[in-house]
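# Here you go, sequence then predicted model.
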Amino acid sequence: QVQLVESGGGLVQAGGSVRLSCAASGSMFRIDVMGWYRQAPGKQRELVAVITSGGSTNYADAVKGRFTISRDNAKNTVYLQMNSLKPEDTAAYYCNAEGSVVGFFARPFDSWGLGTQVTVSS
């Protein structure tokens, strides 16, 4: 099992910044893709940004130019720097990781964190 723990959410004024972190833990695993998704009340969960182990990134159009995703492969941690926040960015933000558990019981995994709330006030 690979566990993900997010941190860094909170209440921020419009135009402000927040940095989210997500650390993966477990035994003998390799992470290929890490990403951030968000879900606002009454809406479906949506992609915010993803990053591969090689550093390739992809962003939702709504956050391009404002959010930056990065990762520290040595620490199995992914970050989301969110700048110029808008009230419509208010949501629960979830970390996701896809990869493989290596070793005798090798198998793919797709893990989610429990989420961290980001609330942007106008």
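Sure, I can see it.
# List the contacts of the closest residue in space to Arg45 that isn't next to it in sequence.
Excluding the flanking residues, the one nearest Arg45 by C-beta to C-beta, 6 or more residues apart in numbering is Gln39, at 4.2 Å. Every residue, glycine included, has its C-beta placed from N, CA and C. Applying C-beta atoms under 8 Å, 6 or more residues apart in numbering, we find Gln39 in contact with Arg45, Glu46, Ala91, Ala92, Tyr94, Gly115.
# what bridges to Gln39?
Ala92 (DSSP bridges).
# in the helix or strand where Cys22 lies, what's buried?
Taking DSSP states H and E as the criterion, Cys22 maps to strand 18-26. Using 16 or more other C-beta atoms under 10 Å as the test for burial, strand 18-26 gives Val18, Leu20, Ser21, Cys22, Ala23, Ala24.
# now the first one: how far from Ser111?
Going back to what we said before, that points to Val18. The gap separating Val18 from Ser111 is 23 Å, by C-beta to C-beta, to the nearest Å.
# what residues are up against the residue lying closest to Lys43 once chain neighbours are set aside?
Nearest residue to Lys43, sequence neighbours excluded (C-beta to C-beta, 6+ apart): Ala91, at 7.9 Å. The contact partners of Ala91, taken as C-beta under 8 Å, 6+ apart, are Arg38, Gln39, Ala40, Lys43, Gln117, Val118.
# Residue nearest the middle of the chain, spatially speaking?
Trp36 (2.7 Å; C-alpha atoms, centre = their mean).
# How about that residue: what's its closest non-neighbour residue?
Nearest to Trp36 is Val48, by C-beta to C-beta, 6+ apart, at 4.3 Å.
# Quick check, pLDDT for that neighbour.
Val48 is assigned 98 on the pLDDT scale.
# just Val78 next, same as before
So Val78 comes in at 97 (pLDDT).
# quick one: it and Thr68 touch, right?
No: at 11.3 Å, Val78 does not count as touching Thr68 under the criterion of C-beta atoms under 8 Å.
# Okay then, goodbye and thanks.
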